[in-house]
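> below are the sequence and a predicted model; questions follow.
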Amino acid sequence: MRSYILSLRFAYAGFRHALATERNLRLFTGLYISSLIMAALLDINLRDWEMIIFSGGIFLSVELINTALERFTDAFDAHSRNIHSQAIKATKDIAAGASLICALAWAIILCIIFLPNITSLRIGGIGAGI
């Protein structure tokens, strides 16, 4: 049990470090929290909650893996005196591409869920008198 708690502490420390040092991760985390707040305000159904939580969580996880891979490749490249710089660049670009695909999928899911809910508010609720 002690090693499990220690592992959780290391994971939490890694997430805090990434949040403190990575501007994009702070932005994406803020957007994720905002999407959860919007879901609560729109009172969406359970299935939509699951999709938002899962897709946003996957995106943030891929972004963290991308960050870790960038750090590792930077350290490796510095140690090898830039011998592998083309391969390092390709590795970083591919990892960033994976993050981009996750971000796009998450954005599409958010649009599919939120746009009909916002439109129905505008048509039948808040915006009807405008």
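All right, it came through fine. Numbers count the residues shown, from 1 in each chain.
> so I44, which state does it fall into?
Secondary structure for I44, judged by DSSP: H, G, I helix; E, B strand; the rest coil, is coil.
> near it, how many other residues are there?
Using other C-beta atoms under 10 Å, I44 has 17 neighbouring residues. Glycine gets a C-beta too; all of them are placed from N, C-alpha and C.
> next: E63.
Neighbours of E63 under the rule other C-beta under 10 Å: 24.
> relative to H84, how far out is the residue nearest to it when sequence neighbours are not counted?
Ranked by C-beta to C-beta, 6 or more residues apart in numbering and with sequence neighbours excluded, the top spatial neighbour of E63 is S99, at 5.1 Å. Taking C-beta to C-beta, to the nearest Å as the measure, S99 falls 22 Å from H84.
> which of the two has more neighbours?
Using other C-beta under 10 Å, the more surrounded residue of S99 and H84 is S99, with 22 against 15.
> run through the chain and note the low-pLDDT ranges.
Within the chain, the segments meeting pLDDT under 70 span 82, 122-130.
> how about the helices in it?
Along the chain, counting by DSSP state H, helices occupy 2-21, 23-42, 46-79, 85-124.
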